[in-house]
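S.K.: Here is my input; please provide its structure:
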Amino acid sequence: MDADDTDALSGLQVYIVGGAVRDELLGLPAGDRDWVVVGATPQEMSRRGYIPVGGDFPVFLHPQTKEEYALARTERKSGRGYKGFTFYTGTDVTLEEDLCRRDLTINAIARRVDGQLVDPLDGQADIRAKVLRHVGQAFVEDPVRLLRLARFAARFHDFSVAPETMQLARQLVSDGEVDALVPERVWKELAKGLMTAHPGRMFDVLHEAGALERILPGLDFDSAILSAELVRAHEAGLALPMRFALACRLSDAPAQIGRHVRAPSECIDYARLLPLVLEGADHASPSQWLDLMERCDALRKPERYLDLLRAADCVADIDLAGWQARVAAIRGIDAGAIAKALPGQPEQIRAALREARLKALSALPQSTA
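M.R.: Alright, predicted model coming up:
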């Protein structure tokens, strides 16, 4: 910590909280650090050069490190959904009170600057026992906590969910709190969970709580299939759009699932196209190959098409090298030269292009074809 950092922190009661402390106790690489400040006011933080960025409650960026510092707070339910809270950030709020408003005990541990742990809910015991346990009854007031529970179950797949915590998760569904979730927040947590090593666990927890059909209506869920394919996707290092497409592939309208949670358009496109690729990946004739590549716009977006094939390889045995050769073959045709040879004849140009592409595909070595 340099002199400028020390000056900004001098006299403040600050603690590292949440994920950074948890991951250190688990022996995992340190990520971003979040800090809680006890006994300070927004005016004092601003005078010290901290940059205010919070919306609903005071959060500041450190003037040098740009790490987040939030004033200790308590919260009270005041309406429906995860935004239905009022916050209190007075200088009398204690660290323990701030920790007791958090979601899970493993996320409710703080570390003083001198290294001493503050753990009023014995989250360390739950880390040792590998249990995901809610902090208190307030768990049922915020449906985002159910999403986070499911995501942490995916990240820490060898942790069990405490039975009483799962009971509260079901209550969030039966009370209708889950229905107040906004699509953007669902997607944010879903995307994080999909990028873990065991994404299927997230879907299992949501299904067990009765929330899956409410959060992702239309999703055709088969735990064994989804879990196995998403594990293979992680092992292959596949990106988020491919993982989302795999999660939705058994459903009748996979793209609609993406639109429901307002997923990025790239993820929606991958979800829409993957079933087509899986259906046609074992075609045996040049004409069928060309039809599939044209339907998937492989000429203009070859990388997307090859991504889809890599996703399909998590489901079936795909000849990736063969398909790479086919894409290269049809993209190697000089469409400009053909058009130039047939000026003003669009139908003939299309027919000549198709003939040239079919000829290129037919000329591929048998081992590739």
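S.K.: so where's this protein uncertain?
M.R.: 1-7, 55-56, 77-85, 366-369 (pLDDT under 70).
S.K.: What segments of it are strands?
M.R.: 13-17, 34-38, 51-52, 59-61, 68-71, 74-77, 85-88, 110-112, 117-118, 131-132, 160-161 (DSSP state E).
S.K.: okay, the ones you listed in TSV with distance to Glu355 and mean neighbour count next?
M.R.: Backbone N, C-alpha and C define where each C-beta goes, glycine included. TSV is the format used below for those (distance: least, C-beta to C-beta, whole Å; neighbours: other C-beta atoms under 10 Å):
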stretch	distance to Glu355	mean neighbour count
strand 13-17	66	20
strand 34-38	62	21
strand 51-52	63	12
strand 59-61	61	20
strand 68-71	61	22
strand 74-77	68	15
strand 85-88	65	15
strand 110-112	70	18
strand 117-118	73	15
strand 131-132	60	20
strand 160-161	60	18
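S.K.: As TSV, those strands with distance to Arg214 would be great.
M.R.: What follows is those, written out as TSV (distance: least, C-beta to C-beta, whole Å):
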stretch	distance to Arg214
strand 13-17	31
strand 34-38	30
strand 51-52	36
strand 59-61	30
strand 68-71	30
strand 74-77	20
strand 85-88	21
strand 110-112	34
strand 117-118	36
strand 131-132	21
strand 160-161	18
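S.K.: Would you map the helices across the stretch 201-350 of the chain?
M.R.: Under the criterion DSSP state H, counting those that start in this stretch, the stretch 201-350 of the chain contains helices at 212-215, 223-235, 240-248, 254-260, 265-280, 286-295, 302-312, 320-331, 335-341, 346-362.
S.K.: is it possible to export those to a markdown table including mean neighbour count and distance to Arg145?
M.R.: Formatted as a markdown table, the helices of the stretch 201-350 of the chain follow (neighbours: other C-beta atoms under 10 Å; distance: least, C-beta to C-beta, whole Å):
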| stretch | mean neighbour count | distance to Arg145 |
| --- | --- | --- |
| helix 212-215 | 18 | 13 |
| helix 223-235 | 17 | 22 |
| helix 240-248 | 26 | 22 |
| helix 254-260 | 20 | 21 |
| helix 265-280 | 20 | 25 |
| helix 286-295 | 17 | 42 |
| helix 302-312 | 20 | 31 |
| helix 320-331 | 18 | 41 |
| helix 335-341 | 12 | 55 |
| helix 346-362 | 15 | 53 |
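S.K.: show me what contacts Ile225?
M.R.: Taking C-beta atoms under 8 Å, 6 or more residues apart in numbering as the criterion, Ile225 is in contact with Leu250.
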